[in-house]
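Student: below are the sequence and a predicted model for it; my questions follow.
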Amino acid sequence: MNIDAMCSLLLSNMAFFVLAAIGIICGVLVVTVKNLIHAVLFLAVFLLSVAGLFITLNAEFLAIIQVFIFVGAIVVLFMFLIMLTYKVSDMAVPQGNRLKGVALVVSSVLFCLIFYILKAMKWNEVTPVPITDDVSKIGRLLLGQYVLPFELVSFVLLAALIGAIVIARKGE
């Protein structure tokens with residue numbers, strides 16, 4: 001292995017671990033900060049770090065989709081919902097939850113369960129998916145075979161938006 005390849009591999013690994021650390025820190029901050037606006041901003045940084053991880057793994061299409069759909073649309077939708085429900089973002093309203101202990105126990109059990117499943121999985125039986133650069137094939141699948149989940153997600157987002165408008169209108 002020559003020096004250029006080793007430097008490239010080292011930089012790629014360093015970028016991966018830096019982005020992973022940023023993602024973990026921002027993921028923890030999303031669920032621990034008291035201000036909802038700050039939580040959404042940390043969510044945006046977390047989602048951008050995931051897009052960066054996709055780039056380090058040579059999945060540029062997923063990175064672009066991550067930025068456009070999640071960072072561009074979902075984070076903007078969350079900000080819009082927070083602004084519509086202005087009473088929720090008021091500092092006089094308590095933002096905490098009394099069930100932190102229960103959440104810690106449930107998340108720890110789920111983490112142990114996922115770790116056990118991943119450890120028990122036979123990784124050599126997984127067949128690799130052929131990588132394709134054909135975006136039109138992905139579009140045909142999304143609007144063909146997977147049209148129902150695609151439309152259900154849009155329906156859930158629409159229901160959340162309507163719910164936020166109804167909650168905001170009740171206060172007037």
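Tutor: Yep, it's here. Numbering: from 1, shown residues only.
Student: where does the residue nearest the centre of the chain land on pLDDT?
Tutor: Centroid-nearest residue in the chain: residue 47, 5.2 Å away (criterion: C-alpha atoms, centre = their mean). Looking at residue 47, its pLDDT reads 92.
Student: so it, which state does it fall into?
Tutor: Secondary structure, DSSP: H, G, I helix; E, B strand; the rest coil: residue 47 is helix.
Student: let me see the contact set for it.
Tutor: 66-67, 70-71, 74-75 (C-beta atoms under 8 Å, 6 or more residues apart in numbering). All C-beta atoms are positioned from the backbone trio N, CA, C, and that covers glycine.
Student: how about residue 53?
Tutor: 16, 19-20, 23.
Student: likewise residue 77?
Tutor: Counted by C-beta under 8 Å, 6+ apart, residue 77 has contacts 157, 160-161.
Student: what's the burial count for residue 40?
Tutor: Around residue 40 sit 19 other residues, with neighbours defined as other C-beta atoms under 10 Å.
Student: same question for the one 5 residues further on.
Tutor: The burial count assigned to residue 45 is 18, neighbours taken as other C-beta under 10 Å.
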